[in-house]
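**Q** Dropping a prediction and its sequence here:
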Amino acid sequence: MNKQAQQYALGIDLGGTSIKYGISSLEGNIVKEFKRSTQADKPADIILEDLINAAFAGIQDAKNIGISISAIGIGTPGSVNVETGFLSGSTPNLKNWRNVPIKERLEARLKLPVFADNDANIMAFGETRFGAGIGYSDVVCITLGTGIGGGIIISNQIFRGSFYAGAELGHMSIAYDGTKCRCGGIGCWEKYASATAMIERYNELDSKANITDTVQIFENYDRNEPVAKQVVEEEVEMVAAGLANLVNVFNPQIIIIGGGLSEVGEWFINRISEATGNRAMECAMKNVQIVKAKLGNKAGWLGAAAFALEQAPKESCL
C-alpha cells in the first residue's frame, strides 16, 4: 500500500517534562517523531498553545513529504471525557493543567478531528496495538517511574471507569495506615514502589548516601552493597504487592511493565513475576504473563495516533 492510500495521524504525548509527538499510520508505521519541552509551570493556555504549535509543526512536516494528516490524537495526564475531549484533572506534574476543553480548542485552530484521552490509557492502547500486548485482548499496563501510571484494556477496549477517572493504578492503597500521598490518599502504591520511593528509601536507610537516581542504586546492587540489596528486594515485593491485587481483580492475560525501572533488565521483571505469583491467588495467576514493555517512549504518541485514526471515521469531517 502506498503512503497516499494509507491514513496517517499525528499523535501527541503530553508529559510533565516534554511533549513527544509523531506521525504514523493505523498500522503503526512511523514516519517521523519529534520532541519539545513542556512549560509545566505555565498557565493552561500556554500549554495549549504549545500543543497547537507542535501539531502545526507535525502537519507541515507531513505536507512536506506528501502525507495528509487525517486526525490528531492526544494523551494527557488527568481525567478526560473522551466524548467531549474535556480535561478535568488531576495533574500534579502540570499544576495549572485542569478544566481544559482540549478537543474544542485544538479543533478550532487546526481544522482537523482531535481525540484526547488519559496518557496512561493511551500508553496501554499503544502497547496493545503495536508492542508487547499484540494478540491479547485483556491487558494491564503499568509504568514504573517517578510515579506509577497504569492503563487497563478489557476485551480490546480501554477501561476508563464510569466517569473517566478509573485505572489510577498507582493510587490504590497497599498500606491502609501508610504514608500520605500527594493525591490525598493514604498508602498509595506509588509511594512505596515508584523510582522516587526507592530513592527515598535508600536515603532513609543511609542518610549519608545522597542517592539521586535509581541507576546508582542498581549499580550498588551489582556490587552487592547491603543497602542497595535491601532496597531492591523491597522494591520487588512492593511492586508485586500491587500487581497481585491487579491479578486477583482483573485476571488479565498479560501485564506489561514500562517506565524507567523496566529498563533494569529481564532479571528484574522475572523477580517481580515470581514475587507476584507468590502473592496472587493461584487460579488468577495461573496463565498470566508479566513482561517488559516494547515501545518505550513511543508508546504514548503511537497509541494516540492509532486511537485518533480508529475514532476518526465515526466523526463528520471538519
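**A** Structure received. Numbers count the residues shown, from 1 in each chain.
**Q** Now do the phi/psi pair for Ser25.
**A** For Ser25, the backbone dihedrals (degrees, to the nearest 10) come out as phi -90, psi 170.
**Q** Look at the closest residue to it other than its chain neighbours and give its secondary structure.
**A** Leaving aside its chain neighbours, Ser25 sits nearest to Gln6 (4.7 Å; criterion: CB to CB, 6 or more residues apart in numbering). The way it works is simple: take the backbone N, C-alpha and C, and place the C-beta from them, glycine included. Of the three states, Gln6 takes coil according to DSSP: H, G, I helix; E, B strand; the rest coil.
**Q** which residues does Gln6 contact?
**A** 25-27, 29 (CB atoms under 8 Å, 6 or more residues apart in numbering).
**Q** just the strands in the stretch 1-150 of the chain please.
**A** If you assign secondary structure with DSSP state E, counting those that start in this stretch, the strands in the stretch 1-150 of the chain sit at 8-14, 18-25, 30-37, 69-76, 79-81, 86-89, 100-101, 114-118, 139-144, 148-154.
**Q** Averaged pLDDT, the fourth one. What do you get?
**A** Pointing back at strand 69-76 there. Averaged across strand 69-76, pLDDT comes to 96.
**Q** for the last one, same thing?
**A** When the per-residue pLDDT values of strand 148-154 are averaged, the result is 94.
**Q** helices or strands up against that strand?
**A** helix 119-130, strand 139-144, helix 226-250 (3 or more CB pairs under 8 Å, 6 or more residues apart in numbering; DSSP states H and E).
**Q** Try it again at 10 Å.
**A** strand 114-118, helix 119-130, strand 139-144, helix 190-193, helix 195-205, helix 226-250, strand 254-258 (3 or more CB pairs under 10 Å, 6 or more residues apart in numbering; DSSP states H and E).
**Q** And for the third one?
**A** Strand 30-37 is packed against strand 8-14, strand 18-25, helix 44-64, helix 298-311, with contacts defined by 3+ CB pairs under 10 Å, 6+ apart.
**Q** ok, back up a step: could you dump the strands of the stretch 1-150 of the chain into a markdown table with mean neighbour count and distance to Phe268 added?
**A** Formatted as a markdown table, the strands of the stretch 1-150 of the chain follow (neighbours: other CB atoms under 10 Å; distance: least, CB to CB, whole Å):
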| stretch | mean neighbour count | distance to Phe268 |
| --- | --- | --- |
| strand 8-14 | 29 | 25 |
| strand 18-25 | 22 | 25 |
| strand 30-37 | 14 | 27 |
| strand 69-76 | 27 | 26 |
| strand 79-81 | 22 | 31 |
| strand 86-89 | 18 | 33 |
| strand 100-101 | 21 | 37 |
| strand 114-118 | 28 | 27 |
| strand 139-144 | 28 | 10 |
| strand 148-154 | 25 | 15 |
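**Q** In terms of mean pLDDT, which of those strands ranks lowest?
**A** strand 86-89 (a mean of 89).
**Q** quick one, which of the helices and strands packed on strand 148-154 is nearest to Phe34?
**A** Put simply, out of those the one that sits nearest Phe34 is helix 119-130, at 16.5 Å, with distance taken as CB to CB.
**Q** Quick one: distance of the closest one to the chain centre.
**A** Distance of helix 119-130 from its chain centroid, counting by CA atoms, centre = their mean, to the nearest Å, is 7 Å.
**Q** before we move on, the earlier item: would you list the helices and strands packed on strand 148-154 in TSV and tack on distance to Arg182?
**A** Formatted as TSV, these follow (distance: least, CB to CB, whole Å):
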stretch	distance to Arg182
strand 114-118	18
helix 119-130	16
strand 139-144	17
helix 190-193	9
helix 195-205	10
helix 226-250	17
strand 254-258	21
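**Q** and of the ones you listed, who's closest to Ala57?
**A** By CB to CB (comparing all of the helices and strands packed on strand 148-154), the closest turns out to be strand 114-118, at 15.6 Å.
**Q** Dump that closest one to CSV, restricted to CA.
**A** The C-alpha trace of strand 114-118 is given here as CSV (Å, rounded to 0.1, in the frame of the first residue of the first chain):
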residue,chain,number,x,y,z
VAL,A,114,-8.9,15.8,17.6
PHE,A,115,-9.3,13.0,20.1
ALA,A,116,-7.9,13.1,23.7
ASP,A,117,-7.6,10.6,26.4
ASN,A,118,-5.6,10.0,29.6
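**Q** For Asp222, find the nearest of the helices and strands packed on strand 30-37.
**A** Ranking these by distance to Asp222, with CB to CB as the measure, places helix 298-311 first at 27.8 Å.
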